[in-house]
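Chemist: Got a sequence here, can you build the structure:
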Amino acid sequence: MQRLSRRGFLAASASSLLPRADCAATAPAPYGSLPSPRQLRWHELELYAFLHFSINTFTNKEWGYGDEDPALFNPAAFDASAIVAALKAGGMKGVILTCKHHDGFCLWPTRTTGHSVRKSAWRNGKGDVVRDLSDAARLQGLKFGVYLSPWDRNTPLYGTPEYVAMYRAQLRELLTGYGPIFEVWHDGANGGDGYYGGARETRLIDKRAYYGWPQTWELVRSLAPEAVIFSDVGPDVRWVGNESGIAGETCWATYDPVGEDGGMAAPGYTRAKEGETGHRHGSRWMPAECDVSIRPGWFWHPAENARVKTPAELMDLYYKSTGRGASFLLNVPPDRRGLLHENDVASLCRFGDLLRATFSDNLAAGAAAHTTTVRANDPSFGPLNLIDGDHSTYWSTDDSVTRAEVSLELPRPVTFNVVRVREQIRLGQRVEAFALDRWEQGAWKNFAHGTSIGSCRLIRLDEVVTTTRVRLKITQCPACPAISELGLYQQPAAS
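Modeler: Modelled structure (predicted):
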């Protein structure tokens, strides 16, 4: 086994580090489906916020019927900067706003319908929630995304071809007037009973054909080429299949959505449960997004002020979403003042404190590295890449080596209760099984194991581990591994 300290690896003899004649030091060939550049940027975010805010906030409903009086919308103390500041304190790197929910009420002065803030009492009809929040997000360094419900229970056009044109016009307004946009969110709820301009009837549509999704997504690509598109069927990011904020213990970034009947899938028409795990050999890179609300409901309700998730509950969800290679989309709904409620802010800020306290210090930094193999004996693929803080570098082996191990020798005993492992996903999701060992009383002892790794795998331990050596074993991998991080962290107690 090679012993490779930060200094010693670089100072090792040239002969031992030069590529062998039979194995040029080139990067491993990609394996399986691969992420696009926009998806790679999305993976870096890992944690961002949802803001469910609309006419429902004032009617105390989750789903408005579409017949609400726009004048009811009047958040007299609305403060976009304060909302974004609280989200940032909670560790959020972006925010997605429900620009239009199923009731059809638009939070910007759209030209497509009168059912909008233009007819509200707020700021005498001159306000623009989307403008204020998108500007505040950018000023504070957060990405901004838009949710636009495909269903509209207000307009008489819903169910006709004219509504599809109206929906695309709304997308055009949002994507040209408030950018740049990092994510466009399409809900799967579409079709059913509604006001529909006074018809008060049930209108059902063919979810697979009505919206012309391929053409709609082409429009999004043309207007916001860097934005990822979310829906039950992607095409960039998939719904995890539940509203509990939890990905599968095994979660593949690759996925082929299947309709409820086994045929063609569409937003609102998939085998949702399969979104929790994805498909090991799926033909598309379509990672999961885990959405959940900090409260029981998605919109603010006064009866739920005492039912806000605790920082400990939010940390648990973080490990079960981001920590399984998905993203964590946490909804924090503004109240009727146009502010986040004090209880939500307190929990959110404490959650952010816990994240920073846990992950600001990689206890593996400064370790020496031991490995069974380095690709072509080339230091650019060496194990020190695991602790250099750079996601673009990685440890890898020769093509013929698909079971390998690497260990870190720490300069002093270290106590930790969280391990983070990352793959170099530009080369695909490769690892299918791994194990973690600690050095104890002169021998290796296993303390954790898992399956998928992907962009981020967090292993949270029931008890703290104190040791001077940690070993990662890749036990099942159809191609040579490419691991970009092995980090050790200690989470303080969460109240």
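
Chemist: Give me the domain ranges for this structure.
Modeler: 2-30+362-489, 37-359 (automatic domain parsing).

Chemist: closest to Ser495 out of those domains?
Modeler: Ser495 lies closest to domain 37-359 among the domains of the chain, at 6.5 Å (Cβ to Cβ). C-betas here are computed from N, CA, C, even on glycine.

Chemist: Tell me where the stretch 1-150 of the chain has strands.
Modeler: For the stretch 1-150 of the chain, the strands defined by DSSP state E, counting those that start in this stretch cover 2-4, 47-51, 94-100, 143-148.

Chemist: and if you look at the stretch 251-400 of the chain?
Modeler: Counting by DSSP E, counting those that start in this stretch, the stretch 251-400 of the chain has strands at residues 254-255, 284-285, 288-293, 327-331, 368-371, 395-396.

Chemist: Please identify the deepest-packed of these.
Modeler: For those, the largest average neighbour count (mean count of other Cβ atoms under 10 Å) is found in strand 395-396, namely a mean of 28.

Chemist: Next SSE downstream of that strand?
Modeler: strand 404-423 (DSSP states H and E).

Chemist: Which secondary structure elements does that following strand sit against?
Modeler: Applying 3 or more Cβ pairs under 8 Å, 6 or more residues apart in numbering; DSSP states H and E, one finds that strand 404-423 makes contact with strand 368-371, strand 433-440, strand 457-476, strand 482-489.

Chemist: about what we covered before: with respect to Phe351, which of the strands of the stretch 251-400 of the chain lies nearest?
Modeler: Across the strands of the stretch 251-400 of the chain, closest to Phe351 is strand 327-331 (Cβ to Cβ), at 8.6 Å.

Chemist: burial count for the nearest residue to Ala494 once chain neighbours are set aside?
Modeler: For Ala494, ignoring the flanking residues on the chain, the nearest one in space by Cβ to Cβ, 6 or more residues apart in numbering is Ala312 at 3.8 Å. Ala312 has 15 neighbouring residues, counting by other Cβ atoms under 10 Å.

Chemist: Then Asn124?
Modeler: Neighbours around Asn124, by other Cβ under 10 Å: 7.

Chemist: Now do it against Arg118, distance only.
Modeler: 10 Å (Cβ to Cβ, to the nearest Å).

Chemist: With Tyr65 instead?
Modeler: For Tyr65, the distance to Arg118 equals 20 Å [Cβ to Cβ].

Chemist: what is the mean pLDDT for stretch 485-495?
Modeler: Mean pLDDT, stretch 485-495: 94.

Chemist: List the residues that contact Leu45.
Modeler: Counting by Cβ atoms under 8 Å, 6 or more residues apart in numbering, Leu45 makes contact with 93-94, 143, 182, 327.

Chemist: Make CSV from these and add distance to Arg221 and pLDDT to it.
Modeler: CSV is the format used below for these (distance: Cβ to Cβ, whole Å; pLDDT from 0 to 100):
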residue, distance to Arg221, pLDDT
Lys93, 23, 98
Gly94, 19, 98
Lys143, 18, 98
Phe182, 14, 98
Ser327, 21, 98
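
Chemist: Flag the shaky bits of this protein, pLDDT-wise.
Modeler: 1-24 (pLDDT under 70).

Chemist: rerun at 90
Modeler: Along the chain, segments meeting pLDDT under 90 span 1-25, 179, 372, 494-495.

Chemist: Quick check: chain neighbours aside, which residue is closest to the residue most central in space within it?
Modeler: The centroid of the chain falls nearest to Ser327 when counting by Cα atoms, centre = their mean (2.0 Å). Spatial nearest neighbour of Ser327, chain neighbours left out: Glu289 (4.8 Å); criterion: Cβ to Cβ, 6+ apart.

Chemist: is it true that that neighbour touches Trp239?
Modeler: Yes: with contact defined as Cβ atoms under 8 Å, Glu289 counts as touching Trp239 (6.6 Å).

Chemist: shared neighbours, these two?
Modeler: Common neighbours of Glu289 and Trp239 (Cβ under 8 Å, 6+ apart) are Phe230.

Chemist: need the contact list for the closest residue to Met264 other than its chain neighbours.
Modeler: Using Cβ to Cβ, 6+ apart and skipping residues adjacent in sequence, the residue nearest Met264 is Arg208, 5.3 Å away. Residues near Arg208 by Cβ under 8 Å, 6+ apart: 259, 264-266, 269.

Chemist: quick one: which of the residues you listed is nearest to Gln490?
Modeler: Top of the list for closeness to Gln490, among those and by Cβ to Cβ, is Ala265 at 42.5 Å.

Chemist: what's the spacing between the closest one and Gln39?
Modeler: As judged by Cβ to Cβ, Ala265 and Gln39 stand 19 Å apart.

Chemist: higher neighbour count, the two?
Modeler: Neighbours were counted for Ala265 and for Gln39 using other Cβ under 10 Å; Ala265 has more, 22 against 19.

Chemist: Tabulate the strands of the stretch 1-150 of the chain (JSON lines), appending mean neighbour count and distance to Tyr195.
Modeler: Formatted as JSON lines, these follow (neighbours: other Cβ atoms under 10 Å; distance: least, Cβ to Cβ, whole Å):
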{"stretch": "strand 2-4", "mean neighbour count": "17", "distance to Tyr195": "68"}
{"stretch": "strand 47-51", "mean neighbour count": "24", "distance to Tyr195": "24"}
{"stretch": "strand 94-100", "mean neighbour count": "27", "distance to Tyr195": "15"}
{"stretch": "strand 143-148", "mean neighbour count": "23", "distance to Tyr195": "19"}
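
Chemist: quick one: which of the ones you listed is nearest Thr402?
Modeler: Per Cβ to Cβ, nearest to Thr402 of those: strand 2-4, 18.5 Å.

Chemist: Okay, helices next: where are they in the stretch 251-400 of the chain?
Modeler: Assigned by DSSP state H, counting those that start in this stretch, the stretch 251-400 of the chain shows helices spanning 311-320, 342-359.

Chemist: Then the stretch 51-200 of the chain?
Modeler: Ranges of helices in the stretch 51-200 of the chain, per DSSP H, counting those that start in this stretch, are 56-59, 80-89, 129-139, 161-177.

Chemist: ok, back up a step: can I get the strands of the stretch 1-150 of the chain in a markdown table including distance to Val233?
Modeler: Output for those, formatted as a markdown table (distance: least, Cβ to Cβ, whole Å):
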| stretch | distance to Val233 |
| --- | --- |
| strand 2-4 | 45 |
| strand 47-51 | 20 |
| strand 94-100 | 18 |
| strand 143-148 | 16 |
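
Chemist: quick revisit: include distance to Lys320 when you put the helices and strands packed on strand 404-423 into JSON lines, please.
Modeler: Listed next are the helices and strands packed on strand 404-423 as JSON lines, based on distance: least, Cβ to Cβ, whole Å:
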{"stretch": "strand 368-371", "distance to Lys320": "30"}
{"stretch": "strand 433-440", "distance to Lys320": "18"}
{"stretch": "strand 457-476", "distance to Lys320": "9"}
{"stretch": "strand 482-489", "distance to Lys320": "17"}
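
Chemist: Tell me which of those strands is the most buried.
Modeler: strand 482-489 (a mean of 23).

Chemist: by contact count, what packs against that strand?
Modeler: Counting contacts by 3+ Cβ pairs under 8 Å, 6+ apart, strand 482-489 packs against strand 395-396, strand 404-423, strand 457-476.
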